[in-house]
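> just need the structure, nothing else, for what follows:
(chains A and B)
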Amino acid sequence: MIVSNNLKSSLVYRFHVGFQIVASMVTIVIQYFLWKSVFHANPAAAIRGMTFSQTFLYVSLATAIAVLMRTWTDWDICNQIRSGDIVMSFFKPVDYMRYVFLNAVGTMAGSFVTITIPSLVILFGVFRANLAIGWNIPFFVLTLAFSCALSFLFDFIVGTTSFWTMSIWGISVAKDFSILFFSGALVPLNFFPDAFAAVLRFLPFAYMYNLPLSILTANEANPALWARGLLTQVAWLAVIYVIARVYFKFSLKNLTVNGG
Amino acid sequence: MKRIAFYFRLYIKLVTAYVKTRMQYRFDFFMSSVGMLIYYSASIASLWVLMTNMPSLAGWSFTELIFIYSFSLMAQIPLQICFEHIWSLRMHVRQGTFIKYYFRPIDSLFYYLSELIDMKGLGQIPFSIALFAWSSHALGVAWTPAVIALLILLLFGSAAVISSLMLIAASTAFWVTDSFSVISFVNGIRDHTRYPMDIYNTAFKFVFTWLIPMGFVAFYPAQFFLRPNAVDWTAFASPVIGIALFIVARLVWKKGMESWGGTGS
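Model prediction:
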């Protein structure tokens, strides 16, 4: 119910959808030319093991995934705290985190239909992006689903922080861009200096963009390595889930809502 | 002239009053400034990572790219600080609260914009100037009084280009209920102004020069300081294009106010 409600409300704005498609087209075009000239400056066919078509597919899908993951969960939580409406959701028979999660899934489903699918059509139809099809697809879908869950948890933690700060813009922007940079969404981790990339691979962020996208664009299937990546991702998910739960419970004790 | 002085004094008064009300949210100001610095740092860091793989991007070095980026950030200072209220236009129009701007004896666009300023944007001033000073020092740009005068003129032009584009995007709210996608599209363009136009092919160079004139926000004017011997008219065109776009933006605003009929309440 919650999922389909949110999906429907995002389909109402047809103008919005049309313009979103134009916007993602322009972004894809800019990325195409940016990476084209990166590879032009470097006459070798592959830079750090990635060819132009792999890199282009990687970065343009990263942009599409970033849009997909933008569910404004942290903003919603902050607004509910500020207005005091959050108290109302405690009376509902659904667990609060679950309620917010279902809302986020609904928003994601809406963006998937209205933005992700058109972007994919442009990417494969107009730009003729190359994609090897095999075991990478199921692994990609599975790791991407967990990436979205990780993104939700980070949003939830940032939203919970507004119990304390009552302000959201700064922390939310800081979170968004730290994740984009450290996860290899802006530049794939392969392009980072080795020592830097080695450190980043120890952090949970690498499992949000770099893992699914490097699986999808891999040169050859490596199910053993992918399974290990998947397991590590699930472990991170469990750890961050517990942190989010405990942090929310702890912050709730601190909550004061103006009466009325 | 007298009119400009009047509006200037009025702006100072209104803004001072606004800043006073915001002073109670010091923590918010601090957090927002930190968020903004992280955003810019992520942009610079990704340029840096990219450039560890190659000597130049379409012939431009890392330091030159930083110069272009900081030029773009400086050109966006007025937009960031003084045009913050355009983000709320679609809310005011949808909820009908925009009606009050019809009943003031002063210019409606001026009054609307002067109602609030973006405090966190103040951090952009020292940040972008420091970045600009560092990169121009590293590149050995010779700053004579004439060059500085030209810099100010070109910055003024670039600021007018990007502010007017955002104002036009925001004004679509008068006609379309959900205009958020338009303003966030143009806002996304701001980010891409840091890339040299040389990376595009002829067709898209045309698009980004004439249809979405983002080349004039940073790259074209910055060329003059980086390669003074290899520039064409585009390096000096931003003030003219900026003023033209601002006239268009004011016209769009005026037409929008005429066509918007309120919510009926």
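
> wouldn't A:Ser4 be in contact with A:Val105 here?
No. Using Cβ atoms under 8 Å, A:Ser4 makes no contact with A:Val105, being 10.3 Å away. Every residue, glycine included, has its C-beta placed from N, CA and C.

> tell me how many other residues surround A:Ile47.
20 (other Cβ atoms under 10 Å in any protein chain shown).

> name the residues that touch stretch A:173-183?
A:66, A:74, A:151, A:154-155, A:158, A:185-186, A:200, A:203, A:205-210, B:32, B:34-36, B:38-39, B:42, B:45-46 (Cβ atoms under 8 Å, 6 or more residues apart in numbering or on different chains).

> try 6 Å
A:154, A:158, A:186, A:200, A:205, A:208-210, B:35, B:38-39, B:42, B:45 (Cβ atoms under 6 Å, 6 or more residues apart in numbering or on different chains).

> of the residues you listed, just the buried ones, ChimeraX syntax please.
In ChimeraX syntax, the buried subset of the contacts of stretch A:173-183 is picked out as below (16 or more other Cβ atoms under 10 Å in any protein chain shown):
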select /A:154,158,186,200,205,208,209,210 /B:35,38,39,42,45
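
> mind listing what the closest residue in space to A:Asp155 that isn't next to it in sequence touches?
Of all residues not flanking A:Asp155 in the chain, A:Thr73 sits nearest, at 3.8 Å (Cβ to Cβ, 6 or more residues apart in numbering or on different chains). Listed by Cβ under 6 Å, 6+ apart, the contact set of A:Thr73 reads A:100, A:104, A:155, A:159.

> in chain A, which residue sits closest to chain B?
A:Gly170 (3.3 Å; Cβ to the nearest Cβ).

> ok, how many other residues are close to the nearest residue to B:Ile86 once chain neighbours are set aside?
Nearest residue to B:Ile86, sequence neighbours excluded (Cβ to Cβ, 6+ apart): B:Ala170, at 3.8 Å. Here the number of neighbours of B:Ala170 (other Cβ under 10 Å) works out to 27.

> any weak-confidence spans in the stretch 151-260 of chain A?
A:255-260 (pLDDT under 70).

> how about the residues of it near chain B?
For the stretch 151-260 of chain A, the residues in contact with chain B (Cβ under 6 Å from any Cβ of the partner chain) are A:167, A:169-170, A:173-174, A:177, A:181, A:186-187, A:191-193.

> returning to what we had before: between the contacts of A:Thr73, which is nearest B:Ala149?
A:Asp155 (47.8 Å; Cβ to Cβ).

> what's whatever helix or strand B:Ala244 lives in in contact with?
Assessed by DSSP states H and E, B:Ala244 sits inside helix B:238-259. Residues outside helix B:238-259 that contact it (Cβ under 6 Å, 6+ apart): B:109, B:153-154, B:157-158, B:160-161, B:164, B:167-168, B:171, B:174, B:216, B:221.

> 7 Å instead?
B:108-109, B:153-154, B:156-158, B:160-161, B:164-165, B:167-168, B:171, B:174-175, B:213, B:216, B:220-221 (Cβ atoms under 7 Å, 6 or more residues apart in numbering or on different chains).

> check stretch B:197-211 too.
Against stretch B:197-211 from outside (Cβ under 7 Å, 6+ apart): A:29, A:33-34, A:37, B:57-59, B:214-215, B:219.
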